[in-house]
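Student: got a predicted model here, sequence first, then my questions.
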Amino acid sequence: MNIKDKAARIRTLKADDTFKEVLSEVKERQIAVFVDVDSSEDQRGKAHNIICALNEIENHLDSVLADEVIYDRKHN
């Protein structure tokens, strides 16, 4: 898939209300683990890993959009 098509699909995904809601809900659940005094170290570690993974996904999506900007500057 070329960069323009991939970036367009990512923009659509990032604008999707369901996608945004799911990411937000998953993050909120993991944050709740951190603030729960009864959560174990293992639970907090798992929550941390999930939040890091979600951040990595968001960073990857943003990097594709940045790649499109670079592509556009080189080809215009």
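Tutor: Great, that's in hand. Note that the structure is a prediction, hence the values are computed from the model and not measured.

Student: now the helix ranked longest in the chain: buried residues?
Tutor: Counting residues, the longest helix found in the chain (DSSP state H) is helix 41-75. Residues 47, 51, 54, 61, 68 are the ones in helix 41-75 that count as buried (16 or more other Cβ atoms under 10 Å). Placement of C-beta: from N, CA and C, glycine included.

Student: chain center to that helix, what's the gap?
Tutor: 5 Å (Cα atoms, centre = their mean, to the nearest Å).

Student: looking at that helix now, give me its mean pLDDT.
Tutor: For helix 41-75, mean pLDDT is 97.

Student: what's it packed up against?
Tutor: On a contact count with 3 or more Cβ pairs under 8 Å, 6 or more residues apart in numbering; DSSP states H and E, helix 41-75 meets helix 3-15, helix 17-35.

Student: can you name every helix or strand that the longest one contacts?
Tutor: Applying 3+ Cβ pairs under 8 Å, 6+ apart, one finds that helix 17-35 makes contact with helix 41-75.

Student: lovely, talk soon.
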